[in-house]
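Undergrad: Provided below are the primary sequence and the corresponding predicted coordinates.
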Amino acid sequence: MPVAASAIYFLNLRGDVLINRLYRDDVGGNMVDAFRVHIMQTKELGTCPVRQIGGCSFFYMRVSNVYIVIVVSSNANVACAFKFVVEAVSLFKSYFGGAFDEDAIRNNFVLIYELLDEIMDFGYPQNLSPEILKLYITQEGVRSPFSSKASDKPVPNATLQVTGAVGWRREGLVYKKNEVFLDIVESVNLLMSSKGSVLRCDVTGKVLMKCFLSGMPDLKLGLNDKIGLEKESQLKSRPTKSGKTIELDDVTFHQCVNLTRFNSEKTVSFVPPDGEFELMKYRITEGVNLPFRVLPTIKELGRTRMEVNVKVKSVFGAKMFALGVVVKIPVPKQTAKTSFQVTSGRAKYNPSIDCLVWKIKKFPGQTEPTLSAEIELISTMTEKKSWTRPPIQMEFQVPMFTASGLRVRFLKVWEKSGYNTVEWVRYITKAGSYEIRC
Amino acid sequence: MALSGMRGLSVFISDVRNCQNKELERLRVDKELGNIRTRFKNEKGLTPYEKKKYVWKMLYIYMLGYDVDFGHMEAVSLISAPKYPEKQVGYIVTSSLLNENHDFLRLAINTVRNDIIGRNETFQCLALTLVGNIGGREFAESLAPDVQKLLISSSCRPLVRKKAALCLLRLYRKNPDVVNVDGWSDRMAQLLDERDMGVLTSSMSLFVALVSNNHEAYWSCLPKCVKVLERLARNQDVPQEYTYYGIPSPWLQVKTMRALQYFPTVEDPNTRRSLFEVLQRVLMGTDVVKNVNKNNASHAVLFEALALVMHLDAEKEMMSQCVALLGKFIAVREPNIRYLGLENMTRMLMVADVQDIIKRHQAQIITSLKDPDISIRRRALDLLYGMCDVSNAKDIVEELLQYLSTADFAMREELSLKAAILAEKFAPDLSWYVDVILQLIDKAGDFVSDDIWFRVVQFVTNNEDLQPYAAMKAREYLDKPAIHETMVKVSAYILGEYSHLLARRPGCSPKEIFSIIHEKLPTVSTSTIPILLSTYAKILMHTQPPDQDLQSQIWTIFSKYESCIDAEIQQRAVEYHALSMKGAALMDILAEMPKFPERQSSLIKKAEDSEADTAEQSAIKLRAQQQSSNALVVTDQRPANGTPPVSQLGLVKVPIMSNEKIIHGQDQSTGEQVVAHTNGALTIMDPQPPSTPSPDLLGDLLGPLAIEGNTGIAPQSDPNMGSGFEGGTNADALAIAPVEEQTNTVQPIGNIAERFQALCLKDSGVLYEDPYIQIGIKAEWRVHHGQLVLFLGNKNIAPLNSVQALILPPSHLKMELSLVPETIPPRAQVQCPLEVINLQPSRDVAVLDFSYKFGTHMVNVKLRLPAVLNKFFQPITVTAEEFFPQWRSLSGPPLKLQEVVRGVRPMLLAEMVALFNSLRLMVCPGLDPNANNLVASTTFYSESTRAMLCLIRIETDPADRTQLRMTVASGDPTLTYELKEFIKEQLVYIPVPSRSAAPMPPQVRPTSPPNAVLDPGALLAGLL
């Protein structure tokens, strides 16, 4: 396996090093200065996540107000490095209780050092699973072995965990109430031309699970995806149901899923880890149900006035509703005065992002609220700069709706003791980059 | 400032300052800009106070580096506000946000003018400051009179007037016409009488600008300036606030002295005397003190005074005072002052008389050479180099040599080069020079460029007295255990040439010399081995009687290197081996190297090149400007040094290398001594030829040594040559003045004109022949380049002496003739390559001015060289599809020319086709439907036109063969015209190629040239 990192740095937005860890001695400790000078302080920040300066490669990404920079000097696996960073961030989040930002780092120096020691060794990524790490790296005080009170918890057997057949699950779990939560979260990416034709559209979805199950349960998940249904009908020699089937692209599973069974029987069966995890990820490029249609008309009336009319139409079921809908309509930089008329929600002009921001908290299906705005522009010295008309952006969340049409057909739980389980299933669709040119 | 009243502004500023990072700051600024835009849009509701507040915010944002591209209108409109706070904001923001090219400023002109002509002084000041900072041409046009009025008005306070002076300066710089020269000289004089220092300082700035443009008009102000200086120097009437560390207004002093430097001289004796008094006072009064600020101020004044002293060419006494002062400076501990001292001393060298005085500080300067600060060391080196002359050369060079071993690596190369140049220029005797250079090589071999040792070799070769000494020295150095490779080269070369002169001394037998040189062979690189091989060959040659043992030893070495991988070594080994087998004949072949021709020292040239990028005031440059350096004249002294120039080298007639002198020499030799005549193009010359400037000698040095037949065919390197000849117009015109034929004693064999005509059609043949010499020519033409070789063959059993060939190229040809040997041995032929580059189309012909001496007679011929128009043609066949579009696109004159030619020598169509083809005009049959017509095409090459397609159409009349109609077309008007004329010449006068090749009896002489254009004299005159 190639090296993923020679060093990792966490910087704040000003470029100060919050915390760093050198894993190999092939990069100097001051390489981060090069990053600060040649990347952070230039306009190229954010244009390309991989840069080479002076024989070293810098991979960086920004998470909230922290830059995470990986420095390598050899031929490294970039994808591995980025995956490592993403996993590390989610690990930190699960330790810090959700937030990962400058303050969280400042408050948890010791913990982060401990974790950084654990999750990577000499540049090679190690176990990043929060469930397992939390067993050994705790934030509680260490009990002295000479203390009089015997520990009520058994000392976890690390080797078994790491090397065992079911490395991701501990034995002997007992829950009073056996529950499974399953969420299908999809985000829609769209780029639509001003004439309404779809230029790019895809859905990336993930199946998230939260298990509170006793013992070593075996789970089986059935979705209305094409391959699974076909295989099933083959096995049961039954004609395929006429209902809609979904073709999933690029499916990736959590390590707990039994891939041999998936390959032979096309069923998703697995022994789940305890707690929360991401069961699978997928992508869909065809047959996407767009939740919203946007019909913008933007007229420039002379040099100093503009008229903006935006109609947003929700095309999901009338009983459903979208939450947190935000429509960002870009306006020229020299916008001076705005006046709005909206049929629902609220609109205002935000000069720091040069957008009209229209917010609708609750957006029922099959409705079409409109916004009409008059914009006055101030005259400027440089008239030549024509406005480039960036696309309108949208944010939203639609619960109980999947843009792909994916549905859970069944979720079976089987365990030796044969207890009853309660299964909860949720669907939610969010906006990814939902852009409409105008 | 009334910021306390503006809460919003201070809140905004503290918000921005509290931003954690750039991004947050940008967000805050964008938000504020949005806010300001909204506010500005509601113009009605904006009170002046609010407007002021937002404009301040805008300025703050602008100063943070963000684009503010709106709101200028508001800022400009504030200028016209009635109250001071708003007006002030308006002026400040306008002058920082806008520049002179903004259109918005036009809106402000009127308001600004109102403020200027208004009565309120504060407003006047604001307005003048604005104009002084960003005023442009338009301001200059509309405001200049008002500003002038303010400046000279007596009722204004000084505060306003000094601003007005600076404002006028700005306007003057933008538009010099605003100050009327006639009227202003008087007013300026009045202004310089001003008592107020502030106004005076500003006016002096204006005055410097005015004088720098036109000093003539302001003569009357000169005494006033001196008065100002006097006043300052005596510290009379200088208020306390204009005294800076006890120095009365140093700024005004410096400016005044700067202004005085724009006047060529100070003529009035009284003024001059008082000026010198002032300068004297400055020189006397300046010293180095503890306080840095005081030092800075007083030294600024002092250096300006020094510049003025130099400018005015003051008396020697004052100069010596200056130098003494600088001497004090360079003795100071403080490096900055020492640097300035050295630098100014170097500058002082420009002034003639001070050399001797500077010499007194030599020891101090040499100490500075060891300063820890490299910039000071460099200055010191420059100064030493500049101040060196015959009297102190020995000391300085010795000092430099001593310093060389401890000097910085960065400086060593420059140091060694300078030492070498000084040694060459000011050598009191030549053995010293040789000593110095050998020492130099010994001490800093790595930093001694090849040029330096080439130079020594040239000296030694050209001075017989020096040879034994040099050989002995070289021998001594070879005894040292580890010597630098350059030293091996020098020693080997010198010993090879001159070791026989030492033969009687102990330890200098050929055998011993050989063995000591051969010891070094394993340690040297491939570039040195060829030199060693030559040395062996020479030693072998000098060993008389031959020593069998040594011979076999050397032959073994030669045969060993015969298979060397390096081509140069291999060739030498093979050749020397073969030559040395010849025994006695070796003597002739490996004769001593001839004397080197004189030329500008390549060292000095190199020094000049390397200096180009360093300090402007570099001593080398100054030196180069002051004296035209004559190469090899060792004691090249300037008259300033008091001693008359003595040529210690004892070299014969130093040929003059500087550009003007070439022309001059040419003038003399050709103008006075040449007796020429035109028709036969033969000239008898006074037997004293001008010496030929010769090519690069490094080339000959490195080439195989002294093998006869190597006539030094090396590319001509002197770029001055061409221009020199072109410059010598008068001389050439004189040289071809016709003289009677009776002066001819040598008759050419064959008709020169016919030979030329034949060569126009062929590429090789005989160009000229007479009883003594035959000149053949062979040419190769590729696009616009031509390579000619002249074969000079001596037909006699006696050598031809003083052979000289000069090319007089027409303006469209660039020709470079390589070296022509002065002597052509009996029955020998020498080859002289000649490079030709065609620059543009023209029918003019180059002329070879060839002369030689046979017995006591000087023979001079002028021969046309067959580098004619058609040599640059490349025949090309075009098809009908290519021809007709081209033909049509070139429509009408000047690109397409048509002419009816009469008096054509009658010939058949087939003959004409043959003629055209021999002229490299490709006849394309079948393009013209009429069988009596000819269509030809060719490509012409020259540097200006590149490849150019030419198309020719000839319409003949079968009934009357003496006339035809010719149409010529090409993409270049000159080319079309020249080509048309050229073909016409060819058709009207047809050469007979078959006859011209055969030698003609001498008495057959061309009666008269058939065409005026072909007359060589006219031709020459035409091309000049």
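TA: Now that the structure is in, tell me what you want to look at.

Undergrad: any weak-confidence spans in the chain?
TA: Just so you know, I chose chain A. Applying pLDDT under 70 to chain A picks out residues A:1, A:140-165, A:235, A:237-244, A:382-385.

Undergrad: um, chain B though
TA: Residue ranges of chain B with pLDDT under 70: B:1-5, B:43, B:314, B:352-353, B:503, B:544, B:583-586, B:598-746, B:989-1024.

Undergrad: Contact residues of it facing chain A?
TA: Residues of chain B lying close to chain A by Cβ under 8 Å from any Cβ of the partner chain are B:20-23, B:26-28, B:30-31, B:33-35, B:37-38, B:40-42, B:69-73, B:102, B:104. (Glycine included, C-beta is placed from N, CA and C.)

Undergrad: Show me which of those are buried.
TA: Neighbour counting by 16 or more other Cβ atoms under 10 Å in any protein chain shown classes B:28, B:30-31, B:33-35, B:37-38, B:40-41, B:69-72, B:102 among the residues of chain B next to chain A as buried.

Undergrad: Point out the ones among those residues that are inside strands.
TA: Counting by DSSP state E, none of the members of those fall within strands.

Undergrad: A:Leu116 is in contact with A:Leu133, correct?
TA: No: between A:Leu133 and A:Leu116 there is no contact under Cβ atoms under 8 Å: 11.5 Å.

Undergrad: Would you check how far apart the residue lying closest to B:Ala393 once chain neighbours are set aside and B:Met387 are?
TA: Leaving aside its sequence neighbours, B:Ala393 sits nearest to B:Phe426 (Cβ to Cβ, 6 or more residues apart in numbering or on different chains; 3.4 Å). From B:Phe426 across to B:Met387, the span is 11 Å (Cβ to Cβ, to the nearest Å).

Undergrad: Could you pull up phi and psi at B:Thr877?
TA: Dihedral pair for B:Thr877: phi -100, psi 130, per degrees, to the nearest 10.

Undergrad: ok, it - how many residues close by?
TA: Residues contacting B:Thr877 under the criterion other Cβ atoms under 10 Å in any protein chain shown number 12.

Undergrad: Find the closest residue to chain B in the stretch 301-438 of chain A.
TA: Nearest residue of the stretch 301-438 of chain A to chain B: A:Pro351, at 2.2 Å (Cβ to the nearest Cβ).

Undergrad: Show the contacting residues for that residue.
TA: A:335, B:30-31, B:33-35, B:37 (Cβ atoms under 8 Å, 6 or more residues apart in numbering or on different chains).

Undergrad: Need these in TSV (columns: distance to B:Ala305).
TA: Formatted as TSV, these follow (distance: Cβ to Cβ, whole Å):
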residue	distance to B:Ala305
A:Thr335	62
B:Asp30	56
B:Lys31	58
B:Leu33	54
B:Gly34	59
B:Asn35	58
B:Arg37	58
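
Undergrad: now, which of the residues of chain B next to chain A lie within helices?
TA: Under the assignment DSSP state H, the residues of chain B next to chain A contribute B:22-23, B:26-28, B:30-31, B:33-35, B:37-38, B:40-41, B:72-73, B:104 to helices.

Undergrad: Can you verify B:Glu138 is assigned to a strand?
TA: No: using DSSP: H, G, I helix; E, B strand; the rest coil, the secondary structure at B:Glu138 is helix, not a strand.

Undergrad: burial of it, as a residue count?
TA: Considering only other Cβ under 10 Å, B:Glu138 is surrounded by 14 other residues.

Undergrad: just checking, it touches B:Ala108?
TA: No: look at B:Glu138 against B:Ala108 with Cβ under 8 Å: they stay out of range, at 10.4 Å.

Undergrad: Next, show the common contact partners of these two.
TA: The contact sets of B:Glu138 and B:Ala108 do not overlap (Cβ under 8 Å, 6+ apart).

Undergrad: Give me the three-state assignment for the residue of the stretch 201-350 of chain B found nearest chain A.
TA: Of all residues in the stretch 201-350 of chain B, B:Ala209 sits closest to chain A, at 31.3 Å by Cβ to the nearest Cβ. Under three-state DSSP, B:Ala209 falls in the helix class.

Undergrad: distance of B:Leu210 from B:Leu501?
TA: Separation of B:Leu210 from B:Leu501 (Cβ to Cβ) stands at 71 Å.

Undergrad: The two: which has the busier surroundings?
TA: Higher neighbour count among B:Leu210 and B:Leu501: B:Leu210, with 25 against 18, using other Cβ under 10 Å.

Undergrad: show me the contacts for the more buried one.
TA: For B:Leu210, the contact set (Cβ under 8 Å, 6+ apart) comprises B:172, B:179, B:184, B:188, B:218.

Undergrad: What subset of those is buried?
TA: The buried subset of these - by 16+ other Cβ under 10 Å - is B:172, B:179, B:184, B:188, B:218.

Undergrad: pretty sure the second one is in contact with B:Tyr172, am I right?
TA: Yes: taking Cβ under 8 Å as the contact criterion, B:Val179 and B:Tyr172 are neighbours in contact, 5.2 Å apart.

Undergrad: In the lengthiest helix in chain A, which residues are buried?
TA: Ranked by residue count under DSSP H, the longest helix found in chain A is helix A:78-96. In terms of neighbour count (16+ other Cβ under 10 Å), helix A:78-96 has its buried residues at A:78, A:80-82, A:84-85, A:87-89, A:91-92, A:94-96.

Undergrad: now the helices: where do they sit in chain A?
TA: Here chain A has its helices, by DSSP H, at A:31-35, A:78-96, A:102-107, A:109-119, A:130-136, A:158-163, A:226-235, A:259-265.

Undergrad: Could you dump these into CSV and include distance to B:Ser552?
TA: Output for those, formatted as CSV (distance: least, Cβ to Cβ, whole Å):
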stretch, distance to B:Ser552
helix A:31-35, 67
helix A:78-96, 72
helix A:102-107, 87
helix A:109-119, 79
helix A:130-136, 88
helix A:158-163, 85
helix A:226-235, 95
helix A:259-265, 88
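
Undergrad: Indicate which one of these is closest to chain B.
TA: Closest to chain B of the helices of chain A is helix A:102-107 (Cβ to the nearest Cβ; 9.2 Å).

Undergrad: Quick check: the residue of the stretch 151-300 of chain A nearest chain B.
TA: Counting by Cβ to the nearest Cβ, the stretch 151-300 of chain A gets nearest chain B through A:Glu300, at 16.6 Å.

Undergrad: Enumerate every residue touching the nearest residue to that residue once chain neighbours are set aside.
TA: Leaving aside its chain neighbours, A:Glu300 sits nearest to A:Met306 (5.3 Å; criterion: Cβ to Cβ, 6+ apart). With contacts defined as Cβ under 8 Å, 6+ apart, A:Met306 is in contact with A:298-300, A:331-332, A:374-377.

Undergrad: So B:Met257 is in contact with B:Leu306, correct?
TA: No: counting by Cβ under 8 Å, B:Met257 sits too far from B:Leu306 to count as a contact (9.6 Å).

Undergrad: so B:His311 touches B:Ala259, yeah?
TA: No: applying Cβ under 8 Å, one finds B:His311 not in contact with B:Ala259, separated by 11.6 Å.
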